[in-house]
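Trainee: here is the input, now give the coordinates:
(chains A, B, C, D, E and F)
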Protein chains: 6
Amino acid sequence: MKILVVAPHGDDEVLGVGGTIARYALEGAEVYVVIVAQGFPPDFTEEQRIQDQKEALAAHKILGVKETIFLSFTAARLDTVPHRDVNKQIFDTLKKFQPDILFVPFVGDIHLDHQRVFLSSLVAARPNSPFAPKTIYAYETLSETNWNAPYLAPNFVPNVFIDISAYLETKLEAMQAYLSQIKRFPDERSEETIKALATLRGSTVNRYAAEAFYSIRQIL
Amino acid sequence: MKILVVAPHGDDEVLGVGGTIARYALEGAEVYVVIVAQGFPPDFTEEQRIQDQKEALAAHKILGVKETIFLSFTAARLDTVPHRDVNKQIFDTLKKFQPDILFVPFVGDIHLDHQRVFLSSLVAARPNSPFAPKTIYAYETLSETNWNAPYLAPNFVPNVFIDISAYLETKLEAMQAYLSQIKRFPDERSEETIKALATLRGSTVNRYAAEAFYSIRQIL
Amino acid sequence: MKILVVAPHGDDEVLGVGGTIARYALEGAEVYVVIVAQGFPPDFTEEQRIQDQKEALAAHKILGVKETIFLSFTAARLDTVPHRDVNKQIFDTLKKFQPDILFVPFVGDIHLDHQRVFLSSLVAARPNSPFAPKTIYAYETLSETNWNAPYLAPNFVPNVFIDISAYLETKLEAMQAYLSQIKRFPDERSEETIKALATLRGSTVNRYAAEAFYSIRQIL
Amino acid sequence: MKILVVAPHGDDEVLGVGGTIARYALEGAEVYVVIVAQGFPPDFTEEQRIQDQKEALAAHKILGVKETIFLSFTAARLDTVPHRDVNKQIFDTLKKFQPDILFVPFVGDIHLDHQRVFLSSLVAARPNSPFAPKTIYAYETLSETNWNAPYLAPNFVPNVFIDISAYLETKLEAMQAYLSQIKRFPDERSEETIKALATLRGSTVNRYAAEAFYSIRQIL
Amino acid sequence: MKILVVAPHGDDEVLGVGGTIARYALEGAEVYVVIVAQGFPPDFTEEQRIQDQKEALAAHKILGVKETIFLSFTAARLDTVPHRDVNKQIFDTLKKFQPDILFVPFVGDIHLDHQRVFLSSLVAARPNSPFAPKTIYAYETLSETNWNAPYLAPNFVPNVFIDISAYLETKLEAMQAYLSQIKRFPDERSEETIKALATLRGSTVNRYAAEAFYSIRQIL
Amino acid sequence: MKILVVAPHGDDEVLGVGGTIARYALEGAEVYVVIVAQGFPPDFTEEQRIQDQKEALAAHKILGVKETIFLSFTAARLDTVPHRDVNKQIFDTLKKFQPDILFVPFVGDIHLDHQRVFLSSLVAARPNSPFAPKTIYAYETLSETNWNAPYLAPNFVPNVFIDISAYLETKLEAMQAYLSQIKRFPDERSEETIKALATLRGSTVNRYAAEAFYSIRQIL
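Mentor: The predicted model follows:
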C-alpha cells in the first residue's frame, strides 16, 4: 500500500496524520509526504526555511516516512499563485508516487493556503486521471480547522476514525521534532491539545486514541 | 466478511445495494438482509404480504443473500411505532449477525419510514455497543431519494463507489423478481432508470457501472 | 442573573453545562435545572429512577444549583408523547423561573429525546412570549452529540466558549455523583473524555478549559 | 391556471401567499385553499373553531379564492396523527383540484404542524402521481419561519419573488378579516410587519412589494 | 423569449443545456451563447483554439443558437484575472442581449473557472441592474459537477426539470460536433453518460429525458 | 467597552451596524470604524474618493464614532491584492484599538470584497492572538447580502438582535449623509428598505426595531 500526505506547510501532516503515518508505515505501507509551501524571504528568513526542512525530515524519520518532497511555493501566499500551477505540481507528485490513499488538508481550514491546496489536490486527483488514488481523506489541523466560522465555512465533521492508540507517543515525538512550530498549552498547537484531540476522537468510537478524517472519495 | 443490509421495505435493498450484494457474496462475504416493515391489513392484503416475501426471497437467492429476516412492523406506519421498539429490533439483528459492514437507507429519502429506519439503525449501531459494525454506508433508493426537497432535506451526495460492472445484470435480474414493485419506464423504479443510475455512478469514477453510497462511519 | 438548564435526562446538564453552572452559581447567578424525562417501568425499575433522582440532586448540590425540577415524561419514549404536552411543561417551567439565559440540548444529538426537547424548548421560548429568555444556548453532550451522521444531521459547531478553567474539577466531581451514568474510558461518558473535551474547547480559544455552546438567540 | 394553497392553519395562506392569491385570482386563475388543521376541543372551543372558519371564508372572499376546504385534523396535534392519513387527505385534495401550482408551508417553520404538512404535501405530490403539480413553491409564515434555529433547522432563503405591488392592500385587508389572528405590532403577525416583509422582499428584486418563495420543483 | 447561456468553456453549454437550447430554439426563442474562456498559448495551441471555435459554432448550429460570442479570457486561468473584469464583460453581454432567462454554470463545479464565472454572472445580473434577467438557472456539467467534495462544496441538487425527450438526439449530435471534447465511455464526458444522466433526470419527474437545473432567482 | 466595525467600503458600516453604533456610543462605548477599500482611479475619480471620505466622516459624526481609519486598498479589486496584506492591516488595526467586540461583513455577501474582508478579519482575530476580540459578530448589508445564491452561498440567518428602537432615526440620518450611496426605493439601499428591514428584524424578537447579526465567536 502506498500513501501520500499533502501538507500545505510542514507540521500539518504531523498534526493531522502523524499517528496514522506511524501506524501504516510500521504495518508495511510506503508513506510519502509533499510539503507544498515554504517560508521564503522576505516573509521568512532563508535560515528559518532550512531549519523548517530539517525539522520536517527529523519528524518524518520518526514516523517512518519513506520520502519527503518540498515544493517551492511560498507559504501564506498561495492565493497569489495561479491555481493551475499548484494543480500541476500536485498532479506530478501523484504521478510519481501513484498512491492508493491520498490525505489532503480540510477545505474549511481558516488558512487560505489550506483551502487552495485542498482544491488543487482534488483537481489533480480527478477520477478520470490514470493516477487517481482510490481513496481520499481530509484531515483536521489544530490551530486551523477550529478557527473558521461556524456553519458558514465548511466545518469538519469526521466519518473515518483510525485507531492510533499504540502510536500517539510516536506522533507526539514527531511533533516535538518541529521545535519551531510546537507551542505551549493552552495554544492549540501544543502537546496537551494534541493529546486531548486524540483522546476525544478515539473515545467517540470507543478507542483509546484516534485520528479522525472526512472521507472525500473511495472507489471499491 | 459479514454484511447486513437494512431495508425499510422489500426491494429497497436491491435498488440500493443489489449489485454490491451480488459482488461481495460471490467474493465470499456472508450477506444478510433485514426487511423492517411489511404491508399488513388493512393497508395491504395478507396475500400481497406473502407475495412480497416470496419475491424478496427469490430476489435474494439470485443475489446470493445468506439469510433474510422479516421484522413485523407495518409499512408506511413506522411513525406510529415507538422509536425505541424499532431500535431494539435492529439492535437484536446486529447482535445476531454482528456484521462488519452495515448498509442503511438514506435519512433524506422522502419516505418517513426510511428516515426512521436510518435513525434507528444509527442508534442500534452506536459505537459503544459491543456489536457496533466498523463500517456504515447509506444507500440511495430510486423513487425515494430524489423526491425530497432540494437543500431542505439532507440530499444524497455519494463518497463511496462500489464497482458493479460485472454484477449489473444480476442486480436487474433480482429486481425482476420483485414483480409487484418494478414499474415501467419512465417511472424511476424501472429497469431503464436502474441502468442509467448505475451508468452515471460508475462513470463518475471512470467505471462501467457502480452503486454509490455515503459513508457514515468507518473505524480502521 | 437567572439561568435555566433543560436536560432531557439526568446527567446531560452536567456533561454539557456542569462547569458553567458551577462558575455562574459561584458568581452569584440563580441556576435552575429541569430534567424532562425519567426512567419509568417497565423500561427501568422504580428503584433506578429514585437512585437517578438522588444522584442528580447530589450532583446539583456540588454545582450550586438552586432548584431542580423533575418532569414526569418517560425516558427514551418522548416520541410517543404529544409534542404540545412537552411544550406546555417547558413553557410552565420558563414561566416559573423566568430565566435570562436558557440552555437547551443540541437538536442534532442522536437521541430522539434530545431532538424533541430542543424543539419543545424553542417553541416554549418563542420571542413573543412574556417569558422568552433573552439568551438561548445549545450545549453538547458526550455520548450523544458525536454519534449522529456527519453532514446529514445538524452537526455541533460551537460559537460560544465559556471559560471553566477554575471549575473543571467541580464538574468532574459532580459527574462522579452520577454513579450510575459515568462509564470507564474509552467510553465517551468517562472522566478522561470529559477532560479531553474541556481541554480542546478551552484551547480553541486559548483557555485552559472551556465548555462550548452554539448561540441560538440573543436579544441585546 | 389552477392553484392550490395548503395551509396548516387558517391565516398561514394569507400571511404567506395572500398577495399572490389576489393577483393570480384577478388575472384569471382558479385558486383553491385547503386548511389542514382546526382548533378542536379541548384545546380550543367549538365557538372559536366556527369563528375561525368564518374568518377564513371572509378573508378568502376578499382574495378571490374559488373554494376553501377544511380538513378535520386537530391543530397543534398533527404529530399524533399517522403521517399516512395526512398524506392521503392532501392527495385526495390534489386529485380533486389537480392544480398546476402547489403552495406549501416551509419545512423549517418552528411549528411541527407546518413541518408535517410540508412533508405530507411532498409525498402526496410525488412526481409519479397522475395528479402531481408541475410547480411547487414553499412560502414563509411570519411568526413561524423566523423562529426556528439558525443553521440547524432548514432556514428560509427565497429564490422566487412574485410582485404584489398592486395587491398588498388586498392582502392586508384579508388579514384584517382574521380578527382573532392578527396581533399588534411589534408582534410579527401584525400589519406593520407584513408590510415590512413585503417591502423587503420586493426591494430585493427592485419591486415595490413582493411575496417570496422557495421553488421546490418545476417541470417544464 | 430571449435566452443567454454562459459557458466557461466551449462544450459546457451543450453538456448542461444542449437539449433545452434545441427545444426552446425550435419553439421560437432566441438563444445566445457566450463562451467566457478559450485555450490560448502557451497552455494550448492557436490551432486548437480555432478548432474549438469551429466545433462550438458547428454544435450551436445544430442546436439552433442564434449568436455565439467568444470572450478572450484564458481557459484554466480565470483566477488570475481581476474578478471585476469578468463581471464587466458578462454585464456587457447581458446588456447586449437582454435575455429573459440566464443559464449559468454551477458554483460547486470542481473547475475554479466555473466557480468564478458563476459569481461573475450573478454580480452582472444583480436585480437592480436594468438588464437583470427575470430568471436565472444553474446547470450541471458532466466531468465537473460530480467531482467536487461531498457536503463540503455546494452540491448540485436540481429543482427545475426541462423535458428534452424529443431533443436528446439533437443534444447528442451537437456534442458529437465537439470532436475534441467528447470522450469514450466510461469517461463522464461520453455519449453513454450524457444519455444516462438525461434518462435519470427525466425519470425523476416521470419523463423520458430531461435536463435538470437549480433555480437561482425568478421574478414573476 | 471598545467596538471596532470593519467595513469593506464606506456605508456598509451604517447599513449593517448604524443603529447599534449610535446606541452603544451613546451608552458610553468607544466605537471605531475601519474602511478597508476606497474608490481609486481609474475605476473612480479622486474627487469621488474625497467626497466618499467626507460623507463617511459626516455619517460617523452623527453616529458618535470616535475614530475612523481609511485603509488604502482599492474598491472592487480586493481579489487582486495578496490576502496576507489585507490580513496584516486589519491585524494592525486590531492591535491599535484592541476592541472587545468586532463587527465584520458577512461572508456570503455577493461582493467578493466583502468575502475577502470577512476571511481576513477572522484570520487577523485568531483566538491565539494577544489582540483577539472576545466577541465577533457578522452584519448584513442591504444590496449585498440578499443577492447571493440561495443555499449555495452561505446565507445570512441572524442569532443576535440588538434593539435599535430609539436609534433608527439616527441611523437613517447617518445614511442620508452618504449622499452618493443612498438610492431611491425600491432599490434595496433606500430609506424605505432600511426601515423595513429594521422593522422586520425588531419584530422577530418583539421589538420595534433591531439590527440583526450572526455571532461568529464569543468567549465568556
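
Trainee: run through who's touching the longest helix seen in chain A.
Mentor: Identified as the longest helix of chain A according to DSSP state H is helix A:46-63. For helix A:46-63, contacts defined as C-beta atoms under 8 Å, 6 or more residues apart in numbering or on different chains pick out A:10-11, A:14, A:18, A:21-22, A:25, A:31, A:33, A:35, A:38-40, A:68, A:70, A:170-171, A:173-175, A:177-181. (C-beta placed from N, C-alpha, C; glycine too.)

Trainee: residues of stretch A:86-101 that come out buried?
Mentor: For stretch A:86-101, the neighbour count (16 or more other C-beta atoms under 10 Å in any protein chain shown) marks A:86-87, A:89-91, A:93-94, A:97, A:99, A:101 as buried.

Trainee: tell me where chain A has strands.
Mentor: Using DSSP state E, the strands of chain A run over A:2-7, A:30-38, A:67-74, A:101-105, A:135-139, A:160-163, A:210-219.

Trainee: quick one on the thing from earlier: tabulate the buried residues of stretch A:86-101 in a markdown table, adding columns for pLDDT and distance to B:N128.
Mentor: As requested, the buried residues of stretch A:86-101 are exported to a markdown table (pLDDT from 0 to 100; distance: C-beta to C-beta, whole Å):
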| residue | pLDDT | distance to B:N128 |
| --- | --- | --- |
| A:V86 | 98 | 42 |
| A:N87 | 98 | 42 |
| A:Q89 | 98 | 44 |
| A:I90 | 98 | 39 |
| A:F91 | 98 | 42 |
| A:T93 | 98 | 40 |
| A:L94 | 98 | 38 |
| A:F97 | 98 | 38 |
| A:P99 | 98 | 33 |
| A:I101 | 98 | 28 |
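
Trainee: so which of these comes closest to chain F?
Mentor: Chain F lies nearest to A:V86 out of the buried residues of stretch A:86-101, by C-beta to the nearest C-beta, at 14.7 Å.

Trainee: I'd say the closest one and A:R77 touch.
Mentor: No - counting by C-beta atoms under 8 Å, A:R77 is not a contact partner of A:V86; they are 11.5 Å apart.

Trainee: if I look at the residue of chain A most remote from its centre, how far off is chain F?
Mentor: The centre of chain A is farthest from one residue, A:P42, which by C-alpha atoms, centre = their mean lies 25.1 Å away. Distance, A:P42 to chain F, using C-beta to the nearest C-beta, to the nearest Å: 12 Å.

Trainee: for that residue, phi and psi?
Mentor: For A:P42, the backbone dihedrals are phi -90, psi -10 (criterion: degrees, to the nearest 10).

Trainee: check it and give its pLDDT.
Mentor: Per-residue pLDDT puts A:P42 at 89.

Trainee: returning to that earlier point: if you look at the contacts of helix A:46-63, which of them are in helices?
Mentor: Per DSSP H, these map to helices at A:14, A:18, A:21-22, A:25, A:170-171, A:173-175, A:177.

Trainee: now render these as CSV, adding pLDDT.
Mentor: Shown next, in CSV, are the ones in helices among the contacts of helix A:46-63 (pLDDT from 0 to 100):
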residue, pLDDT
A:V14, 98
A:G18, 98
A:I21, 98
A:A22, 98
A:A25, 98
A:T170, 98
A:K171, 98
A:E173, 98
A:A174, 98
A:M175, 97
A:A177, 97
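
Trainee: got the contact list for A:E192?
Mentor: A:185-186, C:199, C:203.

Trainee: how about the residues of chain A by chain C?
Mentor: A:142, A:146-147, A:150-151, A:155, A:157-159, A:185-188, A:190, A:192-193, A:195-197, A:199-200, A:202-204, A:206-208, A:214 (C-beta under 8 Å from any C-beta of the partner chain).
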